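Student: coordinates for the following, if possible.
(2 chains)
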Amino acid sequence: GAGVSQSPSNKVTEKGKDVELRCDPISGHTALYWYRQRLGQGLEFLIYFQGNSAPDKSGLPSDRFSAERTGESVSTLTIQRTQQEDSAVYLCASSPPVQETQYFGPGTRLLVL
Amino acid sequence: GEDVEQSLFLSVREGDSSVINCTYTDSSSTYLYWYKQEPGAGLQLLTYIFSNMDMKQDQRLTVLLNKKDKHLSLRIADTQTGDSAIYFCAGSGGSYIPTFGRGTSLIVHP
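Tutor: Residues are numbered from 1 along each chain as shown, chains lettered A, B, ... in the order given. Model (predicted):
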């Protein structure tokens, strides 16, 4: 079946611009996660959505970062006034109900010039 | 919170076995995971083990869990060049947000 999809796959932007990244989770998956992966690094947790509960935003690095999710479907991660240090791969993952196993999308590669 | 440590690199010869090691700190981790990341791709779940298990085997993959030492390993039998990738260990740490290690780069040479 269809896996987690993310768009765009690559994004090049200029410093100071806003970007919006999209994640389509697997149908029926109630949990959705965003991670950041800098070059050669592990995964840095950003935000977690579970059903209609309030999201866990504890990993967002600054108030320039925000994310939304409509119900149990699509999520968007927005980075305002991008900085060069925001350059990374942004990964989205989803999980089915009552299970912690995560299924990852291919990621969006963001380059801020 | 959970802290997960892995060695950064492992080089093996094609056909040999690879063993990738991981240590974690939170004994309340219910699940422990191994993910594979190929160049330019997202993470692919390879296997996971429940904390009440000592071993899990799945074709060429064997996961060993030593709860006393909080040590997890992934053994890949008959390693192939297609196994070259970054392997991430992750623990749930009693939370719904798994903590990932920095990843071990496996290099398979002829």
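
Student: for the rest of this, base every contact and every neighbour count on C-alpha atoms.
Tutor: Will do.

Student: near chain B, which residues of chain A are found?
Tutor: Within reach of chain B by C-alpha under 8 Å from any C-alpha of the partner chain, chain A has these residues: A:41-43, A:45, A:48, A:91, A:100, A:102-107.

Student: looking at those, which gets the smallest pLDDT?
Tutor: Checked by pLDDT, the residues of chain A next to chain B have A:E100 as the lowest-scoring entry (68).

Student: hmm, back to that, out of the residues of chain A next to chain B, who's the most crowded?
Tutor: A:G107 (30 neighbours; other C-alpha atoms under 10 Å in any protein chain shown).

Student: against A:V19, how distant is the residue nearest to that residue when sequence neighbours are not counted?
Tutor: Nearest residue to A:G107 in three dimensions, chain neighbours excluded: A:L91, at 4.4 Å (C-alpha to C-alpha, 6 or more residues apart in numbering or on different chains). Counting by C-alpha to C-alpha, to the nearest Å, the gap from A:L91 to A:V19 is 15 Å.

Student: before we move on, what about B:V19?
Tutor: For B:V19 relative to A:V19 (C-alpha to C-alpha), the value is 40 Å.

Student: more neighbours: those two, which one.
Tutor: A:V19 (19 against 16).

Student: contacts only, for that one.
Tutor: Counting by C-alpha atoms under 8 Å, 6 or more residues apart in numbering or on different chains, A:V19 makes contact with A:T13, A:T78, A:I79, A:Q80, A:T82.

Student: could you give the bridge partners of it?
Tutor: A:I79 (DSSP bridges).

Student: so what pLDDT did it get?
Tutor: Per the predicted model, pLDDT is 98 at A:V19.

Student: of all the helices and strands in chain B, which has the lowest average confidence?
Tutor: strand B:99-100 (a mean of 88; mean pLDDT, DSSP states H and E).

Student: need the contact partners of that strand.
Tutor: Here strand B:99-100 has contacts from A:G42, A:L43, B:E2, B:D3, B:V4, B:F88, B:C89, B:A90, B:G91, B:S92, B:G93, using C-alpha under 8 Å, 6+ apart.

Student: separation between the last one and chain A?
Tutor: This points to B:G93. 11 Å (C-alpha to the nearest C-alpha, to the nearest Å).

Student: touching, that residue and B:S51? I think so.
Tutor: No - judged on C-alpha atoms under 8 Å, B:G93 makes no contact with B:S51 at a distance of 10.6 Å.

Student: nearest residue to the residue nearest in space to the middle of chain A in space, please, no chain neighbours.
Tutor: Note on chain A: the residue nearest the mean C-alpha position is A:W34, at 3.4 Å, using C-alpha atoms, centre = their mean. Nearest residue to A:W34 in three dimensions, chain neighbours excluded: A:C92, at 4.6 Å (C-alpha to C-alpha, 6+ apart).
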